[in-house]
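Undergrad: model this:
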Amino acid sequence: MNTPPVKVFVCKFVGKPGVNETLQTGQNPISVSVNAIKVQPVVVGAFFADAQGRSFVLAIDNGQKVDSSACPIVNKPPVKPPVVGNPPAGNPPAGLPKSGPPHTGGIGDVNPLNGLIALGLLAAGVGVAAMRFRRATGASQSS
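TA: Okay, here's the model as predicted:
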């Protein structure tokens with residue numbers, strides 16, 4: 001018969017989850033008796049609330065050494081949104097292209113045929129709309 005674990009390693013956190021939660025300073029993770037954890041059954045990989053904040057069951061304590069780098073990172077640094085619009089003068093932030101037209105010899109990167117294609121599609125759409133209107137109202141096509 002398997003006997004349940006007597007102790008587990010627990011990572012202790014402070015702060016509000018999802019806002020400013022960080023790994024508690026000091027000794028982390030700590031080895032605690034499963035009887036000291038109010039949430040039963042104790043599950044490795046699960047978070048639970050305790051008097052100090054939130055804790056994470058890292059592993060069963062079999063006498064091995066475990067350091068804080070094994071604890072999960074719960075509060076990732078915020079990701080900066082991409083720059084939209086005109087960036088400030090000077091060098092752009094790392095990873096962003098420099099402002100200005102591309103080096104293709106033209107002003108920008110718009111294909112001049114795009115305007116002609118759009119004009120043709122617009123005219124075709126107007127023609128279809130006029131034909132539907134004539135059919136719906138019974139108007140003749142004579143001019």
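
Undergrad: In this structure residue 61 contacts residue 29, no?
TA: No - with contacts counted by Cβ atoms under 8 Å, residue 61 stays clear of residue 29, the gap being 9.2 Å. All C-beta atoms are positioned from the backbone trio N, CA, C, and that covers glycine.

Undergrad: neighbour count winner among the two?
TA: Neighbour count, other Cβ atoms under 10 Å: between residue 61 and residue 29, residue 29 has more, with 23 against 19.

Undergrad: That one and residue 67, how far apart?
TA: 8 Å (Cβ to Cβ, to the nearest Å).

Undergrad: before we move on, what about residue 43?
TA: 22 Å.

Undergrad: picking that back up, intersection of neighbour lists for residue 61 and residue 29?
TA: Residues within reach of residue 61 and of residue 29 at once, by Cβ atoms under 8 Å, 6 or more residues apart in numbering, are residue 9.

Undergrad: Walking through this protein, point out its strands one by one.
TA: Along the chain, counting by DSSP state E, strands occupy 7-14, 22-23, 30-33, 47-50, 53-60.

Undergrad: got TSV for those, with mean neighbour count, distance to residue 133 and mean pLDDT too?
TA: TSV is the format used below for the strands of the chain (neighbours: other Cβ atoms under 10 Å; distance: least, Cβ to Cβ, whole Å; pLDDT from 0 to 100):
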stretch	mean neighbour count	distance to residue 133	mean pLDDT
strand 7-14	20	67	93
strand 22-23	16	66	88
strand 30-33	16	78	94
strand 47-50	14	64	88
strand 53-60	19	66	92
